[in-house]
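Peer 1: sequence unknown, structure follows:
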């Protein structure tokens, strides 16, 4: 496949923005989805990483691509590779979001890089998000998106090494309803998270894919629960996918002033690894 990387790098500097008031209803829905409790009245602190559910892009249905994402070539560059996944990201927390405040997101394409991977070309798109609440800076985020070829299911692979258990661990059942609820809250139409026929017959996966942001939210919440308060920084990287075919765990291990965290399907390899620092 021929890439005009200079053309794709022309998207560097493109911006997108949106605002939304954080409602008590969204907080109730968020807490219900994650089986958590928190204050749900105006002025109360918002749950950690609820910003993933706020001020998201709202492409018209007619403008969606065949995978359920907004058609490429608007905010994000038109990368000519069929598979799109979160590769990782990082957060720096500056303050708190409170219920009833107006949350604003300003997103900027920071970089577009072409690399060669084991299964073919990989195109990485880095996006910066600056989030404010009632005008106060509350979060800086870097999002890394990777585009790749469809991997052949016939490719022989050695069995992956199972992930270790953490000093602290919790088990999660990634039911179709759980994934659908998160997709709905984040207005994410990507069909790999809710359409079993599509994910099996077109993408070639064995089941629905657990969202990268959902895993990051679980890990960041787990770190905050163990420490007693939210971290100052949180970095994460996706290594493999988790499907709805079996339960998965979130794990944590203290390492000096930081905490190492990871997710893994039962009996499977590390799926997402993260580091929280205070």
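Peer 2: That came through fine. Bear in mind the structure is a predicted one, so any value in this text is a computation, not a measurement.

Peer 1: which residues in the chain form helices?
Peer 2: With helices called from DSSP state H, the chain shows them at 5-9, 24-34, 176-185, 196-201, 212-227.

Peer 1: Contacts for the last one, please.
Peer 2: By that I understand helix 212-227. Outside helix 212-227, the residues that touch it by C-beta atoms under 8 Å, 6 or more residues apart in numbering are 34, 36, 47-49, 52, 85-86, 88-89, 91, 168, 170, 172, 179, 182, 186, 230-231, 234, 236, 238, 242, 250, 252, 259, 261-263, 271-272, 274, 276, 278. C-betas here are computed from N, CA, C, even on glycine.

Peer 1: ok so, going back, with distance to residue 150 as extra columns, can I get the helices of the chain in TSV?
Peer 2: Output for the helices of the chain, formatted as TSV (distance: least, C-beta to C-beta, whole Å):
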stretch	distance to residue 150
helix 5-9	20
helix 24-34	30
helix 176-185	21
helix 196-201	12
helix 212-227	18
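
Peer 1: For burial, what's the neighbour tally of residue 38?
Peer 2: 16 (other C-beta atoms under 10 Å).

Peer 1: what's near enough to touch it?
Peer 2: Contacts of residue 38 by C-beta under 8 Å, 6+ apart are 27, 31, 44, 45, 46, 47.

Peer 1: Find the nearest non-adjacent residue to residue 42, please.
Peer 2: Leaving out its chain neighbours, the residue that sits closest to residue 42 by C-beta to C-beta, 6 or more residues apart in numbering is residue 100, at 3.6 Å.

Peer 1: ugh, wrong one, residue 179
Peer 2: residue 193 (5.1 Å).

Peer 1: Contact partners for that neighbour?
Peer 2: The neighbours of residue 193, taking C-beta under 8 Å, 6+ apart as the test, are 179, 180, 182, 183, 208, 209, 210, 211.

Peer 1: per-residue confidence at the closest residue in space to residue 18 that isn't next to it in sequence?
Peer 2: Nearest residue to residue 18 in three dimensions, chain neighbours excluded: residue 55, at 4.0 Å (C-beta to C-beta, 6+ apart). Looking at residue 55, its pLDDT stands at 97.

Peer 1: hey, where'd the strands end up in the chain?
Peer 2: 15-21, 83-93, 102-117, 120-133, 136-148, 168-172, 233-238, 248-255, 258-265, 270-277 (DSSP state E).

Peer 1: how about those strands, which one is nearest residue 69?
Peer 2: strand 83-93 (6.5 Å; C-beta to C-beta).

Peer 1: what is the rounded mean pLDDT of that closest one?
Peer 2: 94.

Peer 1: helices or strands next to it in the packing?
Peer 2: strand 136-148, helix 212-227, strand 233-238 (3 or more C-beta pairs under 8 Å, 6 or more residues apart in numbering; DSSP states H and E).

Peer 1: Show me the contact partners of it.
Peer 2: 49, 67, 69, 124, 138-151, 190, 203, 211-213, 216, 220, 230-238, 241, 272.

Peer 1: Ok, stretch 196-208 next?
Peer 2: 67, 83, 150-151, 153, 174, 176, 179, 191-194, 209, 241, 243-245.
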